[in-house]
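S.K.: Prediction below, plus the sequence it came from.
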Amino acid sequence: MRAMANAAVALGVIALLLIGLVVLQVENVGTSLESVRFRLESLESNISAARLGLTRTVTVTTTLSPAGTREVPLQTPSQLNITELFERVKHSVVVVRVYGRFTSSIGSGFVYDEQGHIITNQHVVSDAVSVYVDFLDRTTLPARVVGFDIDTDLAVIKISPPPDMKLAPLSLGDSKSLRIGDSVIAIGNPFGLQGSVTVGIVSQKGRLLPSGRGYLIPGVLQIDATINPGNSGGPLLNTRGEVVGVTTAIETTTGTFAGVGYAIPSSIVKRVVPELIAKGRFSHSYLGISGREINSMVAQQLGLPFKMGLLIETVSPNSPASAAGLRGGSRNVNIAGESYSIGGDLIVAIGGQPIASLDDLLNYLIENTSPGDRVTLTVYRDGQVRNVDVVLGVRP
């Protein structure tokens, strides 16, 4: 009997131990489930915030416990933000219909001021005999070309709004403050589809595009927001609804968008458009050189103390650069598969601002100078750094 009693006690102890283990495991599972619920609620909250267009932080849990977390910023533009932005600007973006002697075309544009000036691309109105502007509310008005500049592909046309029509100009933003990866919104009329909206990012800045005269347009924004024929001249907006660029071109082998679009930056628009309105044209400063930017390998091969700068290869006869005594290359060498004309000056700064590329030089000239201005180039020549003053001319 005693043995049976002892066995019963032992079985009871074992049962209690097993119940305790089960309770402990259930409590652990409950804690784990609570942590998972915490993570799901956090994720759901952040998804809801993204839908509402809020910029907030995502809490990333490194364990099943709320402890030991780190915060990662989430800055994804929401559909609501884009919807609100479009509602704000939709009556400021127009269709530009152009009729030439033999052809007709459709482009885009946007209202610049309350006087009726509208910005578009030069190539949109280049063959214009008559121009019409269509607003989203079905208002159609004739327009005339006020001025254009082939070398920046910008043009200004003007309508005469009726007394009961109030225009809503778009504000020009700061393209220089854009960062790679910033969200941008393009609005225009691809293939004549009025009021189309596409969204993307700034893929890169400082691209060079050839103009209709063979010169280079500096500072061009590369974007992946989809643009197609008909978008030309439309606004590229930042998330505050400010114009940071004018869509102008796509790079394609098919004739349609292939992931690379280009826009003239607002920094150039701000400089060029007022002169187009006042004078009908923009006078570009002229230096009269051609050159190549260098890198560390070129600098090492040529024994240069600078790994960035613009190597002058040719100086145009009777140009401002020639009059100032700037030197071009005298012989050709091959470095890393590329041909360089060497022996000329290396430009490392203009007006005290460092020069790393041709884009830097052209941007400085278009944004800061006018024909007749005197600028100081800092060049490296014959083992010495020296300053050379140049009086700029008018681009031929």
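M.R.: Perfect, thanks for sending it.
S.K.: my guess is Arg271 is in a helix, correct?
M.R.: Yes - the assignment for Arg271 by DSSP: H, G, I helix; E, B strand; the rest coil puts it in a helix.
S.K.: Give me the number of neighbouring residues for it.
M.R.: Residues lying near Arg271 (other Cβ atoms under 10 Å) number 16. (Each C-beta comes from the backbone N, C-alpha and C, glycine too.)
S.K.: Show the pLDDT at it.
M.R.: On pLDDT, Arg271 comes in at 98.
S.K.: what's the nearest residue to it if we skip its chain neighbours?
M.R.: Glu367 (5.6 Å; Cβ to Cβ, 6 or more residues apart in numbering).
S.K.: so where do the helices sit in the chain?
M.R.: Counting by DSSP state H, the chain has these helices, from start to end: 2-51, 79-89, 122-125, 266-279, 296-302, 320-323, 358-368.
S.K.: got a list of what Ala299 touches?
M.R.: Ala299 is in contact with Pro305, Phe306, Lys307, counting by Cβ atoms under 8 Å, 6 or more residues apart in numbering.
S.K.: repeat that with 7 Å
M.R.: Going by Cβ atoms under 7 Å, 6 or more residues apart in numbering, Ala299 touches Phe306, Lys307.
S.K.: what's the longest strand in this structure?
M.R.: Of all the segments assigned as strand in the chain under DSSP state E, the longest by residue count is strand 196-210.
S.K.: Arg374 and Ser266: what is the separation?
M.R.: 28 Å (Cβ to Cβ, to the nearest Å).
S.K.: Of those two, which one has the most company?
M.R.: Taking neighbours as other Cβ under 10 Å, Arg374 and Ser266 compare with Ser266 leading, 26 against 11.
S.K.: number of nearby residues for the closest residue to that one other than its chain neighbours?
M.R.: In space, and not counting its chain neighbours, Ser266 is closest to Ser175: 4.3 Å by Cβ to Cβ, 6+ apart. By other Cβ under 10 Å, the residues close to Ser175 number 24.
S.K.: you'd agree Ser175 is up against Val269?
M.R.: No - between Ser175 and Val269 there is no contact under Cβ atoms under 7 Å: 8.3 Å.
S.K.: so what's Arg395 up against?
M.R.: Contacts of Arg395 (Cβ under 7 Å, 6+ apart): His284, Ser285, Tyr286.
S.K.: change it to 8 Å
M.R.: Contact analysis of Arg395 by Cβ under 8 Å, 6+ apart lists Asp151, Tyr215, Ser283, His284, Ser285, Tyr286, Pro371.
S.K.: Could you report the neighbour count for Arg292?
M.R.: 18.
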